[in-house]
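[1] Any chance you can model this:
(5 chains)
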Amino acid sequence: MNPSGNSCGSFPAASPFAPVAGPIVRSVTDPFHGDLLEVSMGPQHPSTHGVFRMVATLDGEQIVKLKPVFGYLHRNHEKIAENTSYLASMPYTDRLDYLCSLSTNWAYAFAAEKLLGQPVPDRAQYLRIILAEMTRLVNHSCLVGFLFNDLGTSFTPLLYAFREREKIIDLFESLTGSRMMCNYQRFGGCRVDPTPEWLEAARKLVENFPRFLDEYERMLTGNEIMLARTQGIGRVNAAQAINAGLTGPVLRASGVDYDLRKVDAYGFYGRMDFRVPLGDHGDTYDRYMIRILEMRESVKILAQAFRDLPAGPIMDPKAKQRGHRPKAGEAYGRIEGPKGEIGFHLISDGSPNPYRYRVRPPSLINLTLLEDMCLGHTLADSVVILGSIDIVLGEVDR
Amino acid sequence: MSAVLASEPFLERAPLELRDAVVQLLPAPAQWLGHHLITILAVVLGFSLFFAFTTVAERKLLGRLQNRLGPNRAGVPKFSILPFHLRHKLFGLSQPFADAIKALTKEDIVPAAADKLLHFLAPVVVVAFSLMTFAVLPVGRHLVPVELDAALLYFFAAGCASELALFMAGWSSRNKYSLLAAMRALAQLISYELPLILSVVPIVLVTGTLSTVAIVQSQGVWSFGLLPHWFVFTPWGFAGFIIFLIATLAETNRSPFDLPEAESELVAGHLTEYSGFKYALFFMAEYFGMTALSGLGVTLFLGGWQAPAPFLEFIPSYLWFMGKLVGMLVFFIWIRGTLLRLRIDQLTRLSWQFLVPLALLNVGNAAFWSLTAHWSGPLNLVRWAIALALVVTPFLLLGRTLSAGFAPRTYRYAS
Amino acid sequence: MTVALFLIAGLMLGSAGVALLLRNLIHSALLLVASWAGVAAFYLWAGAEFVAFAQILVYVGAISMVVLFAVLLTRQGLEISRPVEPDAQWRAFSAITVGACLAAVLGSAILSTKLPAATATAPTLSVKDTGLELMNHHGAALLIVGLILTVALLGATVLAATDKPQKTEDAA
Amino acid sequence: METVEQLRDRLLARFPSAAVAAVTNPGAAAEHSLLLGAAQAREIAEFLRDDPVLRLDYCSNVTGIDWPEKEITDTVKSTVPDPAGGPSKVVETKTVRVEPGYLEAVYFLYSMALKHGPVIVRLRTANRTDAVTLPSLTPVWRSCDFQEREIFDLFGIVFSGHPDLRRLLLWDEFVDHPMRKDYVEPDDYEWEPTAHDEVLVRAKAHQAAVAAAAAAAPVPVVNPTSSAS
Amino acid sequence: MLGTGILNGLAVTAKNFLGSFHDPARLVTVEYPEQHIPVPEAYRNFPFLVSESADDPMGTLRCVSCLTCEKECPPQCIVIVRSKDKKPDATGKAQFYPTVFNIDTSVCMGCQICVEVCPFDSIKMDKVFEITATNRFTELLLNREQLAKSNAYYHQIHPVEAAEVDGRLAAERLAAEEKAKAAAAAKAAAAAAKPAAPAAPAVPAPQTPPPATP
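    You can find the predicted model right below:
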């Protein structure tokens, strides 16, 4: 246990999973230091993303202990799902990670189709890839905007990012009927077939999305203050990240090559040609840059998907519309959501309601190493580190 | 005075003529008092209106930087007495008055444990001292509120009391976080007071005087009829101006250094326990400080009320001063819309390891400049080259040590 | 003109006196600052602008910060009044004698110096001359004063910090 | 990737005294799992993580499941030869047996190094009331930290060896475990954060009803688990 | 060189500042009460009941209170009480009708699952989003009268979708009439055949079923 006696001390210092972040924490008893100052940030705080609370114990400026507190947005989503039908849980999955409802819908539909053994037509698979990648663009641009807000700019990068996000969100609204609560996927396909005009508008929008990324990178990636505030902050090495179950951009920033779109190649990602960017330092700057590079890769995937979108039905003709009663059994379906691996573990006992409905929340599990990342840094850095992990409280607390 | 005045174009004389006309109305003994009261009134009213429109200009400019409109809703009430209902939004110009009324009507909460006297005194001291700094700024050719021999020293003497007020605000709120924030703000102000004054020393060294009026007059020369002799166009002057800008940003807690107020974890810093008009006073003091320091920057480096070229002299001098002042304020707002915030240790390191050494070297550079004033012809080019070298090389060397280890990275892709 | 003189003298002595009597250290420190401002006002009254602004800049700007930081860093500011020992006889007697000796020394110094008769007008010194004067003849004195100031602050802080352990039990 | 049976045999060979059994998944996904005895669960887990062939270094998901007691009436068809030499009759004997309930934690293990699919490991508690402890796998995979805390919070499985076992989502004074099948919703009016007037009126009516019901049925229905944690 | 990143940043914000005066893409503000963002056709907010004609909404409700939407609604915010008697609907067939049809819009999340599962296309999604209420228990609980809106209104807010739905309903009515006519004709033929052959109890050739309509 390191002197501050926090949970990350369950690993001996020598093991590869010991915390590596920040300068070694001073022992807190030498005369020059006053007593520790306990600062509780949140749940009502401008820079915690939603109702998230961190109790940080400060020794002067340095963080000695940091305890996240959860539960302020807990609705027991899983108990609700156990008391309603399979179809009725679909709109609730929009409310898990309310920034990327379409990819969470896909994860739930993917798991349910695995449970039902339900095939999905080609056009629906392509539509799912298109909408999931557009959701990745929305989520990453939001995240990058909020990260700079934590770094202290007066909303300028956030508003540039939101200007682009709004265009994509308007496309979602004209297709699914709602900006963020799309409720679009069904077991066996999609709900609405996009019109040719919609596809043309989406293709053109995605085509000049890189122009926004270039403007963004020119404004911020080389900015000296940005480099000083994020490089070397909140470092996580590969072994530590894997062991703590980090997934998504946070994991790839530490140099671990693990992207479910390549590993599982679920849906039609096998046919898509794209690259997976990897970081070397695993600090806040890498996590920011990986997301920018992932947006560029998503634009490539979208271009290919729009080009090869086949005609055909969007819903498997034999698929039931409601009243699904899967045979007793269980299934675990997982996809590469913008925040990491989002998975649904469904157990059915033949009744119309699932017996057990479990969501694997990437936001919550990515917070496992929050304390290790913040040790030794100042409170201003902990705000930036939290911003770089990209959490959404709907998914953390469920 | 009036002999020189007579030869000036009418617009130049207008403000003084107006004042003398009003002073004549008063009975003889009160005329001396009237004369000074009008100057004080002009300065206080002028710069308060300037403050009011700076706030709305800041919000509209920031809006435009961020692809949105600034405030344009506060307007004259629909059933106003105006005969014609001009588009009653007035393009947001009525926003500052709306803010003032809001600040006045907001309840002024004083925490029970607060030290009542100090809590009340802090905003008063900070606004009083920042208003006093306007006394020595030469707004126009003859428009100097007070002509002092040691004007620069007076300016910094008046400006330094804001630290005291900041401490009083932080201490009297009896709140752990506001005291912590006050300490941080003090550390920031003190560590940036040095580069601020050091960047002004070269000007005093070259002109040999502390009086702002004399400094502006010494910048009144144009070579080849076109290039003004403003100090910003000399190598040491340019370096001094940049250091002055950075130090001014820090002194007035503006964008990259707005640690105390907008600190994400101490929320409102030493102003947490203030509300209502006292908070507005702190806000006003910050803007007065910014305007005063930009005014000083214009006076010292950008040639005060001097016109950029002789043939532009017909425009009255106070318009030139106001133009340059607005230019600098726009630059501050532009910086606020773009840059991120520095951490407290980076901020103090930037001052002690980067700005202070550069400012000291700049004083040496100015000394070299004034000693070699008599070089002419080819020697002049050598003089400029040496001066430029003295500015650029330390900047590059110190810059490299400061940003050691920080560079944009290239990324590999999974095979 | 003498009315202003008495006014300023009253302000200076008054604030210094009240500063002595107050129990709250921060308040007395701030009143000390007021008395320094009084000294500056005195210089202004005498027409020496440069010295007045220098006085404000140095004292109100910097030294007040030194005093306040020292007070804060040494925790006395928390109004934990020190327990006043019972007033023993000999302590009062020794205070009076020390006061008397000090008064004697100062009084003799003031009386013995021959104050020049008030000259008609104060010599108009330009800032340039004072600058030259300071730098040439009194350069060393200037540096030493700067040194003393920094040593004073560092000393105060170290002194206060090191005897902290003894302090914490009674403060807790 | 070996099938579950091969894996079980390897584990039994490696840990002869351990209880390892294969659990088949009847559903269409057909992802079968391994049931580990609680005794040697942690050593097996460390073996799974460090074994060069498997290298399951990533525990993706931990799910808590509550299996309450259930009566299973399994009908046995037996052909009884008619003593009178007539045609043998098919007799269905129904035997009703009560399967004991238990709490279960399911771990989904993947390998990021070798990129191969899920090995599903199940740990079951002895019963649902007092013996509800399982060995925590957080010291093996730190990703189980928050997920095990959530299972402790919502199901009541006590993980021994967990560095910081506290309730993850609910407030510490909460006594019950909401995700259990036999969870009785508390009379939520007491927890109404802002008890404004009409809610108070409804709350009084509700409590009166509850009091009347309690008076009517003297034997209070004690929630079996509320006494547990 | 130190500072180039900051200068680049300033250049980008300057470009945006100048752009906001001439380039519409760089000024995205919509001054809401005066200007409105055009709401796309597929937009959905709260459901409403479709009635065939505007003048007698209660009489011509399409809803036959089959309670499917009440079962399938995720937050269970629909309450229907089926009528005792039957009443002919648009195709003349006697159907039940809802005497009570309440939707609690403070609970409804506009997920349009009720529209999806409704076999009679009698409930569609409305596009009214400027809703204000002073009391969430009574004013947000919409009853049958407040929910019913005419088919013309449906055409107005969802033109493409309404046209497609009406096309399908018309086709079904046509098919229903044909079947009814064919069934009537078959019955008539059977009735004619029965009196002609009471004496011949031989098993008549099985009537070829009326041509199965598509």
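[2] what comes up buried for stretch A:390-398?
    A:Asp390, A:Ile391, A:Val392, A:Leu393, A:Gly394, A:Glu395, A:Val396, A:Asp397, A:Arg398 (16 or more other CB atoms under 10 Å in any protein chain shown). For every residue, glycine as well, the C-beta is placed using N, CA and C.
[3] what kind of secondary structure is the second one in?
    Assigned by DSSP: H, G, I helix; E, B strand; the rest coil, the conformation of A:Ile391 is coil.
[4] And it, how close does it get to D:Phe152?
    To D:Phe152, A:Ile391 is 21 Å away according to CB to CB, to the nearest Å.
[5] Repeat that for the fourth one.
    In this structure, A:Leu393 and D:Phe152 are 21 Å apart, going by CB to CB.
[6] for the fifth one, same thing?
    For A:Gly394, the distance to D:Phe152 under the criterion CB to CB works out to 22 Å.
[7] elements contacting the host helix or strand of C:Ile26?
    Assigned by DSSP states H and E, C:Ile26 belongs to helix C:25-46. Applying 3 or more CB pairs under 8 Å, 6 or more residues apart in numbering or on different chains; DSSP states H and E, one finds that helix C:25-46 contacts helix B:116-132, helix B:161-172, helix C:2-21, helix C:49-55, helix C:64-73.
[8] cutoff 6 Å now
    In terms of contacts (3 or more CB pairs under 6 Å, 6 or more residues apart in numbering or on different chains; DSSP states H and E), helix C:25-46 is packed against helix C:2-21, helix C:49-55, helix C:64-73.
[9] Tell me the buried residues in the last one?
    Using 16+ other CB under 10 Å as the burial criterion, the residues of helix C:64-73 that qualify are C:Ser64, C:Met65, C:Val66, C:Val67, C:Leu68, C:Phe69, C:Ala70, C:Val71, C:Leu72, C:Leu73.
[10] same deal with the first one?
    Buried residues in helix C:2-21, defined by neighbour count with 16+ other CB under 10 Å: C:Ile8, C:Leu11, C:Met12, C:Ser15, C:Ala16, C:Ala19.
[11] and the angle from that helix to helix C:25-46?
    Interaxial angle of helix C:2-21 relative to helix C:25-46 (axes from the mean of the first three to the mean of the last three CA atoms, to 10 degrees): 160 degrees.
[12] Remind me what helix C:2-21 packs against, helices and strands.
    Counting contacts by 3+ CB pairs under 6 Å, 6+ apart, helix C:2-21 packs against helix C:25-46.
[13] How many residues are close by the nearest residue to A:Gly188 once chain neighbours are set aside?
    Nearest residue to A:Gly188, sequence neighbours excluded (CB to CB, 6 or more residues apart in numbering or on different chains): A:Ala319, at 2.9 Å. Neighbourhood size, A:Ala319 [other CB atoms under 10 Å in any protein chain shown]: 19.
[14] Tell me the residue of the stretch 1-150 of chain B that sits nearest chain A?
    Closest approach between the stretch 1-150 of chain B and chain A, counting by CB to the nearest CB: B:Gln66, at 4.2 Å.
[15] and if you look at chain B?
    B:Arg341 (2.7 Å).
[16] Same question for chain D.
    Nearest to chain A in chain D, going by CB to the nearest CB, is D:Gly27, at a distance of 1.7 Å.
[17] and that residue, what helix or strand is that in?
    Using DSSP H and E, no helix or strand contains D:Gly27.
[18] beta partners for the closest residue to it other than its chain neighbours?
    Spatial nearest neighbour of D:Gly27, chain neighbours left out: A:Gly329 (1.7 Å); criterion: CB to CB, 6+ apart. A:Gly329 has these beta-bridge partners by DSSP bridges: A:Ser348.
[19] I'd say A:Gly329 and D:Pro26 touch.
    Yes - using CB atoms under 6 Å, A:Gly329 is in contact with D:Pro26, at 4.7 Å.
[20] With neighbour numbers in mind, choose between these two.
    Using other CB under 10 Å as the criterion, A:Gly329 and D:Pro26 rank with A:Gly329 on top: 22 against 13.
[21] where's the more buried one relative to A:Arg356, distance?
    12 Å.
[22] Please apply the same query to E:Asn143.
    Distance from E:Asn143 to A:Arg356, by CB to CB: 38 Å.
[23] what about those two, which has more around it?
    The neighbour comparison of E:Asn143 against A:Arg356 (other CB under 10 Å) goes to A:Arg356, with 22 against 12.
[24] Go ahead and confirm the more buried one touches A:Ile347.
    Yes - A:Arg356 is within contact range of A:Ile347, at 4.0 Å (criterion: CB under 6 Å).
[25] the domain parsing of chain D - what is it?
    D:4-68+D:102-184, D:186-216 (automatic domain parsing).
[26] Tell me who's in contact with B:Gly92.
    B:Val56, B:Lys60, B:Gly70, B:Pro71, B:Asn72 (CB atoms under 6 Å, 6 or more residues apart in numbering or on different chains).
[27] Now a ChimeraX select for only the buried ones of the residues you listed.
    Restricted to buried positions by 16+ other CB under 10 Å, the ChimeraX selection for those reads:
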select /B:56,60,70,71,72
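[28] Could you dump the contacts of B:Gly92 into a markdown table and include secondary structure and pLDDT?
    Output for the contacts of B:Gly92, formatted as a markdown table (DSSP: H, G, I helix; E, B strand; the rest coil; pLDDT from 0 to 100):
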| residue | secondary structure | pLDDT |
| --- | --- | --- |
| B:Val56 | helix | 90 |
| B:Lys60 | helix | 91 |
| B:Gly70 | coil | 84 |
| B:Pro71 | coil | 85 |
| B:Asn72 | coil | 79 |
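[29] Let me have the contacts of B:Gly92 in CSV, extended by distance to chain A.
    Output for those, formatted as CSV (distance: CB to the nearest CB, whole Å):
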residue, distance to chain A
B:Val56, 16
B:Lys60, 14
B:Gly70, 13
B:Pro71, 14
B:Asn72, 17
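[30] Out of the contacts of B:Gly92, flag the one nearest to chain D.
    Distance to chain D, by CB to the nearest CB, is smallest for B:Pro71 among the contacts of B:Gly92, at 34.2 Å.
[31] for the closest one, what are its contacts?
    Going by CB under 6 Å, 6+ apart, B:Pro71 touches B:Arg59, B:Gly92, B:Gln95.
[32] Now do the strands in the stretch 101-250 of chain A.
    Secondary structure of the stretch 101-250 of chain A (DSSP state E, counting those that start in this stretch): strands at A:185-186, A:189-190.
[33] Kindly report the same for chain E.
    E:47-51, E:78-82, E:87-88, E:94-95, E:98-104, E:123-125, E:141-142, E:148-150 (DSSP state E).
[34] Figure out which of the ones you listed is closest to D:Pro178.
    Closest approach to D:Pro178 among the strands of chain E is made by strand E:98-104 (24.6 Å; CB to CB).
[35] Give the buried residues for the closest one.
    Under 16+ other CB under 10 Å, the buried positions of strand E:98-104 are E:Pro98, E:Phe101, E:Asn102, E:Ile103, E:Asp104.
[36] need the contact list for residue 149.
    Chain wasn't specified; assuming chain A. Applying CB under 6 Å, 6+ apart to A:Asn149 gives the contacts A:Leu158.
[37] other chain: chain E
    Applying CB under 6 Å, 6+ apart, we find E:Lys149 in contact with E:Phe48.
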